[in-house]
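In: Curious how this folds, go ahead:
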Amino acid sequence: GLKCDAEGDLIDQNAPPPPRTDALQDDWTPYESRIAFETADFLFSRNQTSAKQIDTLLDLWAASLIKHDDAPPFTDHRDLYNTIDATPLGNVPWETFSMSYTGAKPLHDIPPWMDATYDVWFRDPRLLLHDMLGNPDFNGEMEYVPYRDYTAGDKRCFKNLFSGDWAWRQADIIAQNEANDGSTFVPLIIGSDKTTVSVATGHTEYHPLYMSIGNIFNNTRRAHRNGVVLVGFLAIPKTTKEHAGDTDYRNFRRQMFHCSLAKIFDAIKPYMDTPDVARFPDGHFRRVIYGLGPYIADYPEQVLLSGVVQGWCPKCLADRRDLDSDEPCLRRCEKHRELLVEELEYGKLWEEYGIVGDLVPFTNDYPRADIHDLISPDILHQIIKGTFKDHLVDWVESYLKITHGTSYATQIMDDIDNKIAAVASFSGLRRFPEGRGFKQWTGDDSKALMKVYLPAIRGHVPDDVVRTFSAFLDFCYIVRRDTLTEDNLLQLQDALDRFHRYREIFKTTGITLSFSLPRQHSLNHYLFLIRQFGAPNGLCSSITESKHIKAVKEPWRRSSQFKALGQMLLTNQRLDKLAAARVDFQARGMLKGSSDLADQPGFLNINEPEHRSIEGEAGETVDGPAVEAHVDLAATPRCRCDVRTLSEELELPNFPQLIQEFIHDQAHAADPDPPVFDPLSAPLFLGKVAVFNSAAASFYAPSDLSGVGGMRREYIRALPCWRGGAPQYDCVFVNMDTDTDIMNGLAIARVLCFFSFSHRTSFFQCAVVRWFSHVLDARDPDTGMYVVAPATLEDDTPDISIIHIDCIFRAAHLIPLYGSNFLPRAVTSHDSYDVFRSYFVNKYADHHTFEIA
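Out: Take a look at the predicted model:
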């Protein structure tokens, strides 16, 4: 996109950007000072303090300042709210329009839904787009032109939306109009989802509608740094059970949904052919051509959006009765749909093509838009919730009942739960102390269970069931990668082929009569959709569901819950104003460093990043650019002691000799032919050491929950008592600098202690580790995971040594080979690494582990 001025006239491409504001660097308007802004942001946005509690806090604050003849920045909650409302940034007001049924009505007993009026609330999407495009927080994290990326081996790469074929084709079409030369294509990513906290008022249910732009990087969108915004609340008519199955009512719900979308995005329609002008994160103006982009939705809304019948595929013409057919099938398109609607009767459209003949998709009103093309892949509902939880896990339970009878099957399922509960803890891994017996499954439950389920069922189900899960999990973890190459797509197709081959056991054993399941069928489209839209993890409905927490669930809880919608709209507007103000103050350099109060000891740093994994307590994202992986010891040691004392604590009589050998190895690390270690001549160290409970490993893991630079941090623990309970000694991957193909040259070890010491002029940070050795020279053929066992020396004593922490790559997770015998209930997660003979290296612990193990 070429740079221009605010009127759209091209300028010198090397010219500096015009200033964003005339405000001075110390102008906090409408806030009195940084303290006032930080207070408002903390109380309203981050802490979500109630009005009553705000008043109490401000009263206490005021009382403490009386002796200083001073006052807090706000008198009460009304003063604070009024100040936020006066913030000029992020001020996109809510608007509304009404819709009602205009068709034929019966003479008597008119259903209430026919007479009702439905209000749709929305914000001008063009203004929201201008706010997103101009957000300086996205500088360096936005793409201006579609591109094709290749590896060093000249193989295609797919990552962000602009790396796919769809954006490339759209740009080609736009470029056919010479008036669009130099314009930047900005595709809208839209998402809507019926959720458990939809706002219901009277005869109407409201579903949130979200929007993002395809120009920002996938990891930026996933990080929710204002890269996804709430556009509106779609009104969904409700009725009594008596009329719920009425054809007119169902058609009205469908068409009202589409008419609402068409009306909401009508403001940007003129700028899909004629350029708009918008400021971008780098401060420059550019001409913009908008377009409807991928639509994020789960299967029920995909059906509603595409105008197909429930049970049919919204992407292709496969017959709903034979979705698992191996025969290739034509993709749906709007032109073909219109032709069929024109030529065929309504009943034939419904039965033979799965088309709702009287529905007009909202995309028909917009250029370059075909709803069948725009429906995006949905990892959360199609793969994680759909195929894994709703199909495979349920099928295992059905298999056990059919094979063993309900009573014994219940015992087996209890044992599976017991084995899941006995899995060792791991950074970011959710605990299952009672197994997998959830009252209500969530996406996070399914994601967490996927990591530990496979070893728990092995021994209780046939090998082909294990292979089915292994192939499916491989597919799931490959498709979640941040970047996919042509080689990855071949691996993805291989995993899908294996999954289709091995899942037949569920048919031959009578668990299911058919695999004609829309969500499982959708897996067939992923390779094509990756080529179209890039990596699917940037378009998953988990993004909109996470936004839903901030935009709907939390505002709902903060409301009086009586006529809550208006209160929720106001809360969202205030949150947007605070977020926009923070970005503006940050861009002007006004939030650098800490405030005067923050310099005082014990003051809460309210600018501290809050990025914590929702899947576990010990993982966190790291803001900033990608850097080389590294491990750091905890800031404060647990204790300081001499070598002999630590030797006794670790019950390692040869610990002093291990330090001797470590110092010898470090001294000769650069020697191509180092001398043999001789304990009689090697330097002896018996001084003080500092012992640490943990270390933090930071590494590049963009496929997992991470900062915008793709960095993630996890904690590795080695301590005799964790939270007043049992000891915890985690396992790690260790770089061995070998040429072996097994696990990329990484070894597995268990950390028994972290410590540091100084010797002569050198300072060493170390770990005492017990080594594991590989049981097999290749992966286990059924699970696809490596198998290791605690290594021993020739005298059958544990193989223990000291290594520098620079050798540690990151934490590793091991799951026992349980076998077919029932696990005693006395075995817990704290015993997991102590009582079993061999272990799987759990490659499904997270996506980064899957890539290295």
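
In: per-residue pLDDT, Thr738?
Out: pLDDT recorded at Thr738 is 74.

In: who does the longest helix along the chain touch, helix- and strand-wise?
Out: Assignment by DSSP state H gives helix 394-421 as the longest helix of the chain. If you count contacts as 3 or more Cβ pairs under 8 Å, 6 or more residues apart in numbering; DSSP states H and E, helix 394-421 packs onto helix 453-457. Where C-beta positions appear, they are placed from N, C-alpha and C, glycine not excepted.

In: Show the subsequent helix or strand relative to the helix it packs on.
Out: helix 463-479 (DSSP states H and E).

In: doesn't Gly227 make contact with Lys547?
Out: No. Counting by Cβ atoms under 8 Å, Lys547 does not reach Gly227; the two are 9.3 Å apart.

In: Of the two, which one has the most company?
Out: Neighbour tally, Lys547 and Gly227, criterion other Cβ atoms under 10 Å: the higher count belongs to Gly227, 26 against 21.

In: The more buried one: what's its closest spatial neighbour, skipping adjacent residues?
Out: Of all residues not flanking Gly227 in the chain, Arg221 sits nearest, at 4.4 Å (Cβ to Cβ, 6 or more residues apart in numbering).

In: The one you found - that's part of a helix, no?
Out: Yes. Arg221 forms part of a helix when assessed by DSSP: H, G, I helix; E, B strand; the rest coil.

In: That one touches Ala535, doesn't it?
Out: No. Arg221 lies out of contact with Ala535 (Cβ under 8 Å); the separation is 11.2 Å.

In: returning to what we had before: Provide a list of residues in contact with the residue nearest to Gly227.
Out: 189, 212, 227-228, 538, 543 (Cβ atoms under 8 Å, 6 or more residues apart in numbering).

In: mind showing which ranges of the stretch 151-300 of the chain have poor pLDDT?
Out: Flagging of the stretch 151-300 of the chain using pLDDT under 70 yields the residue ranges 194-204, 224-225.

In: any idea where the helices of it begin and end?
Out: 165-175, 218-222, 241-244, 247-264, 299-306 (DSSP state H, counting those that start in this stretch).

In: Switch these over to TSV, and while doing so, append distance to Pro656 to every line.
Out: What follows is the helices of the stretch 151-300 of the chain, written out as TSV (distance: least, Cβ to Cβ, whole Å):
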stretch	distance to Pro656
helix 165-175	63
helix 218-222	48
helix 241-244	78
helix 247-264	73
helix 299-306	64
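
In: what's the neighbour count on His830?
Out: 15.

In: The nearest residue to it once chain neighbours are set aside and Tyr839: what is the separation?
Out: Excluding its sequence neighbours, the residue lying closest to His830 (Cβ to Cβ, 6+ apart) is Ala726, at 3.7 Å. Distance of Ala726 to Tyr839, given as Cβ to Cβ, to the nearest Å: 19 Å.

In: and what of His77?
Out: 55 Å.

In: just Ala262 next, same as before
Out: 56 Å.

In: Between the two, tell me which one has more neighbours.
Out: Tyr839 (26 against 17).

In: Would you mark the buried spots in stretch 655-671?
Out: Across stretch 655-671, burial judged by 16 or more other Cβ atoms under 10 Å covers 655-656, 658-665, 667.

In: Between these, which sits nearest Arg810?
Out: Phe662 (21.5 Å; Cβ to Cβ).

In: list the contacts for that closest one?
Out: By Cβ under 8 Å, 6+ apart, the contact set of Phe662 is 764, 766, 801-804.

In: ok, now with 7 Å
Out: 766, 802 (Cβ atoms under 7 Å, 6 or more residues apart in numbering).

In: host element of it?
Out: helix 655-667.

In: cool, Ile84 as well?
Out: Going by DSSP H and E, Ile84 is in helix 77-85.

In: Going by neighbour count, which of the contacts of Arg221 comes out on top?
Out: Counting neighbours by other Cβ under 10 Å, Ser212 leads those with 29 neighbours.

In: Could you measure from the nearest residue to that residue once chain neighbours are set aside over to Ile216?
Out: Nearest non-adjacent residue to Ser212, counting by Cβ to Cβ, 6+ apart: Ile189, 4.3 Å away. Noted for Ile189: a distance of 9 Å to Ile216, by Cβ to Cβ.

In: chain center to the strand or helix carrying Ala40, what's the gap?
Out: Per DSSP H and E: Ala40 is located in helix 34-40. Chain-centre distance of helix 34-40: 31 Å, with Cα atoms, centre = their mean, to the nearest Å.

In: tell me which strands and helices it is in contact with?
Out: helix 77-85, helix 564-587 (3 or more Cβ pairs under 7 Å, 6 or more residues apart in numbering; DSSP states H and E).

In: show me where the stretch 51-200 of the chain has strands.
Out: Secondary structure of the stretch 51-200 of the chain, counting by DSSP state E, counting those that start in this stretch: strands at 94-100, 117-123, 149-150, 156-158, 184-192, 199-201.

In: Let's have those in TSV, adding distance to Val479.
Out: Shown next, in TSV, are the strands of the stretch 51-200 of the chain (distance: least, Cβ to Cβ, whole Å):
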stretch	distance to Val479
strand 94-100	37
strand 117-123	33
strand 149-150	18
strand 156-158	11
strand 184-192	18
strand 199-201	33
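
In: Quick one: the helices in the stretch 501-650 of the chain, in order.
Out: 504-508, 518-521, 526-533, 541-548, 554-558, 564-587, 643-650.

In: and Asp55, which of those helices is closest to it?
Out: helix 554-558 (15.4 Å).

In: Which residues belonging to that closest one are considered buried?
Out: 554-556, 558.

In: mind listing what Ala495 touches?
Out: Applying Cβ under 7 Å, 6+ apart, the residues contacting Ala495 are 471, 474-475, 478.

In: Next: His668.
Out: 674-675.

In: re the thing from before, would you point out the most distant pair within the contacts of Arg221?
Out: Val228 and Gly538 (11.1 Å).

In: coming back round to it: off-centre distance for the longest helix of the chain?
Out: The chain centroid and the centroid of helix 394-421 are separated by 31 Å under Cα atoms, centre = their mean.

In: Quick check: what element follows it along the chain?
Out: helix 443-450.

In: Report whether the expected contact of Ile748 with His813 is present.
Out: No. Assessed by Cβ atoms under 7 Å, Ile748 is found out of contact with His813, at 10.0 Å.

In: okay, and the common contacts of the two?
Out: Shared contacts of Ile748 and His813, counting by Cβ under 7 Å, 6+ apart, come down to Cys731.

In: where are the low-confidence patches of the chain?
Out: Within the chain, the stretches with pLDDT under 70 are 194-204, 224-225, 433-443, 594-619.

In: who's in contact with the closest residue to Asp737 other than its chain neighbours?
Out: Among residues not flanking Asp737 along the chain, Gly745 sits closest, at 6.9 Å (Cβ to Cβ, 6+ apart). Contact analysis of Gly745 by Cβ under 7 Å, 6+ apart lists 736-739.

In: show me the contacts for Pro455.
Out: 783, 815, 818, 840 are the contacts of Pro455 under Cβ under 7 Å, 6+ apart.

In: Let's see that with 6 Å instead.
Out: Contacts for Pro455 (Cβ atoms under 6 Å, 6 or more residues apart in numbering) come out as 815, 840.

In: Repeat that for Ala629.
Out: Here Ala629 is in contact with Phe699 (Cβ under 6 Å, 6+ apart).

In: what separates it from Thr621, distance-wise?
Out: 15 Å.

In: Can you report how many residues lie near Ala690?
Out: The burial count for Ala690: 17, using other Cβ under 10 Å.

In: Then Leu484?
Out: Neighbours of Leu484 under the rule other Cβ under 10 Å: 26.

In: Leaving out the residues flanking it, which one is nearest to it?
Out: Phe158 (4.9 Å).

In: ok, the one you found - contacts?
Out: 484, 530, 534-535.

In: To Glu714, which of the strands of the stretch 51-200 of the chain lies closest?
Out: strand 156-158 (26.9 Å).

In: quick one: the closest one to chain centroid distance?
Out: That offset, for strand 156-158, works out to 21 Å (Cα atoms, centre = their mean).

In: Alright, calling it a day.
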